[in-house]
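# Just need the structure, nothing else, for what follows:
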Amino acid sequence: MQPSDIPTRERLIVALDLPAVEQAEAMVTRLGESVSFYKIGYQLAYAGGLPLVRKLADQGKKIFIDLKLHDIGNTVSRGVESIAKLGATFLTVHAYPQTMKAAVEARAGSNLKILAVTVLTSYDDGDLHAAGYRLGVSDLVEARAQQAQVLGVDGLVCSPEEAASLRRIVGHQMRLVTPGIRPAGAASGDQKRIMTPARAIAAGSDYLVVGRPVVEAADPKAVAEAIVAEITPPLAA
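Numbering: from 1, shown residues only. Prediction:
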């Protein structure tokens, strides 16, 4: 059973993967009260979207900054310190021990939560082997989750396929945030490890990240509302 301290509507995080701040603001307006949590990643951040974090936070929205930081410890620390001042709820870093340790220490005293990215949802075993890893996806995800928990990371970004196994490792002490969510009938795009919203919640995911199926829909608000309606029954089970 899922923890009850997360409002159902907050479990849907809409990815504002759009090329301009004006388009992102227009999407937020279209979605209205149907969405209360947004993700800002590379595309929008590099198009001048970081100031939007404070603006949306002031409107009562929660923001997930998805920049997947990974660098020497000092550089990661300085980046996290700056991001913590923006009012975001989540920030991603890659799940390398030095990076995670630096990020956790740098966010101390703020409300920012650090999420560690285990293995990108566009990767499969073949991709990892081609990159020089000896472990497959499931083994690497579990190893990195254990390291993240020891280092005090607040949550994990993982495929919904790994949610159930990670719950057994970390319990409910860490939040599980899952991209690769595709409502029934939606195209998979470049994701390889995907799942429907209801199945992901039932598997143990706390938050679902959905981008293109919402922002590219003819009626984004209707799609967002449908996702929230779909995940309500498994949360009550």
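# Tabulate the CA atom coordinates of the longest strand along the chain in PDB.
The strand spanning the most residues in the chain, taking DSSP state E as the definition, is strand 62-69. Provided in PDB are the C-alpha atoms of strand 62-69 (Å, rounded to 0.1, in the frame of the first residue of the first chain):
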ATOM      1  CA  LYS A  62       5.800  22.100  -7.000                       C
ATOM      2  CA  ILE A  63       8.800  21.900  -9.300                       C
ATOM      3  CA  PHE A  64      11.100  19.000 -10.200                       C
ATOM      4  CA  ILE A  65      14.400  20.300 -11.700                       C
ATOM      5  CA  ASP A  66      15.700  17.500 -13.800                       C
ATOM      6  CA  LEU A  67      19.300  18.400 -14.600                       C
ATOM      7  CA  LYS A  68      21.000  15.100 -13.600                       C
ATOM      8  CA  LEU A  69      24.000  16.700 -12.100                       C
END
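# Could you name the helices and strands sitting against that strand?
Contacts of strand 62-69 with other secondary structure elements, assessed using 3 or more C-beta pairs under 8 Å, 6 or more residues apart in numbering; DSSP states H and E, are made with strand 37-40, helix 51-58, helix 73-84, strand 90-94. (Each C-beta comes from the backbone N, C-alpha and C, glycine too.)
# contacting residues around the last one?
Under the criterion C-beta atoms under 8 Å, 6 or more residues apart in numbering, residues 63-70, 76, 80, 83-84, 99-100, 103, 107, 112-117, 154-155, 157, 177 lie in contact with strand 90-94.
# for the first one, same thing?
Strand 37-40 is touched from outside by 10-17, 24, 28, 49-50, 52-53, 56, 61-66, 89, 207, 209, 211, with contacts defined as C-beta under 8 Å, 6+ apart.
# Mind doing that once more with 7 Å?
Contacts of strand 37-40 with the rest of the structure, by C-beta atoms under 7 Å, 6 or more residues apart in numbering, involve 10, 12-16, 28, 49, 52-53, 56, 61-66, 209.
# How about stretch 158-177?
Outside of stretch 158-177, the residues that reach it under the criterion C-beta under 7 Å, 6+ apart are 3, 115, 118, 121, 138, 141-142, 145-146, 149, 153-157, 178, 180-181, 193, 195, 199-200, 203-207, 209.
# Pull out the buried residues from it.
Buried residues in stretch 158-177, counted by 16 or more other C-beta atoms under 10 Å: 158-163, 166-167, 169-170, 174-177.
# Of the residues you listed, which belong to strands?
Helix and strand membership here follows DSSP E; of the buried residues of stretch 158-177, those in strands are 175, 176, 177.
# now these as CSV including distance to residue 225 and pLDDT?
Supplementary listing: these in CSV, determined by distance: C-beta to C-beta, whole Å; pLDDT from 0 to 100:
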residue, distance to residue 225, pLDDT
175, 23, 96
176, 23, 96
177, 21, 95
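# Could you dump those residues into CSV and include distance to residue 235?
As requested, these are arranged in CSV below (distance: C-beta to C-beta, whole Å):
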residue, distance to residue 235
175, 15
176, 14
177, 16
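# so residue 43 makes contact with residue 21?
No. Taking C-beta atoms under 7 Å as the contact criterion, residue 43 and residue 21 are not neighbours in contact, 11.0 Å apart.
# neighbour-wise, which of these two wins?
Relative neighbour count places residue 21 above the other of residue 43 and residue 21, with 18 against 15, counting by other C-beta atoms under 10 Å.
# Look up how far residue 35 lies from that one.
Distance, residue 21 to residue 35, by C-beta to C-beta, to the nearest Å: 17 Å.
# Residue 223 now?
As judged by C-beta to C-beta, residue 223 and residue 35 stand 10 Å apart.
# Done for today, thanks.
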